[in-house]
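Asks: How does the following fold in three dimensions:
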Amino acid sequence: MIQKKGKLIVIIVLFFFFVYLLVFSPFNAIQTLYPESILNEHTLSEKFEEMQVQEVVKKGRYTYIVKTNKQDYVVIKEYSSIIHYNWRVYPFTKEENF
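Replies: All right, here's what the predicted structure looks like:
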């Protein structure tokens, strides 16, 4: 009986630990699986609120291409420390394959 409770507690603790890592760590798995979720960030939602976003494509670890009805943009997440970052938005000019 005690072993079952101990295993259950360990499983619950590990579950919440992994959920914490997926949601609150600098590596946000939600943004990896659903790149459109970057548009929920405060600064980006203000920038793209008047535009019709057609697609968001993840190009690198912190680099996204946001395709709108008017123009395409490169959006880069720049970290100033481990937990502080800023979003940089640049007009997309052309894509080069290296």
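
Asks: Quick check: bridge partners of Val66?
Replies: When bridges are called by DSSP bridges, Val66 pairs up with Val56, Tyr73.

Asks: ok, it touching Val56?
Replies: Yes: with contact defined as C-beta atoms under 8 Å, Val66 and Val56 form a contacting pair (5.4 Å). Every residue, glycine included, has its C-beta placed from N, CA and C.

Asks: Common neighbours of those two, please.
Replies: Leu39 (C-beta atoms under 8 Å, 6 or more residues apart in numbering).

Asks: So which of the two has more stuff around it?
Replies: Neighbour tally, Val66 and Val56, criterion other C-beta atoms under 10 Å: the higher count belongs to Val66, 24 against 21.

Asks: Remind me what the strand or helix carrying Glu46 packs against, helices and strands.
Replies: Assigned by DSSP states H and E, Glu46 falls within helix 42-48. Under the contact criterion of 3 or more C-beta pairs under 8 Å, 6 or more residues apart in numbering; DSSP states H and E, helix 42-48 touches strand 85-91.

Asks: which stretches of the protein form helices?
Replies: 2-24, 29-33, 42-48 (DSSP state H).

Asks: So which of the ones you listed is nearest His84?
Replies: His84 lies closest to helix 42-48 among the helices of the chain, at 12.9 Å (C-beta to C-beta).

Asks: C-alpha coordinates for the closest one, CSV please?
Replies: This file holds the C-alpha atoms of helix 42-48, laid out as CSV (Å, rounded to 0.1, in the frame of the first residue of the first chain):
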residue,chain,number,x,y,z
HIS,A,42,1.9,41.3,-26.1
THR,A,43,4.2,43.2,-28.4
LEU,A,44,3.5,41.0,-31.4
SER,A,45,-0.2,41.0,-30.9
GLU,A,46,-0.1,44.8,-31.1
LYS,A,47,2.1,44.8,-34.2
PHE,A,48,0.0,42.3,-36.1
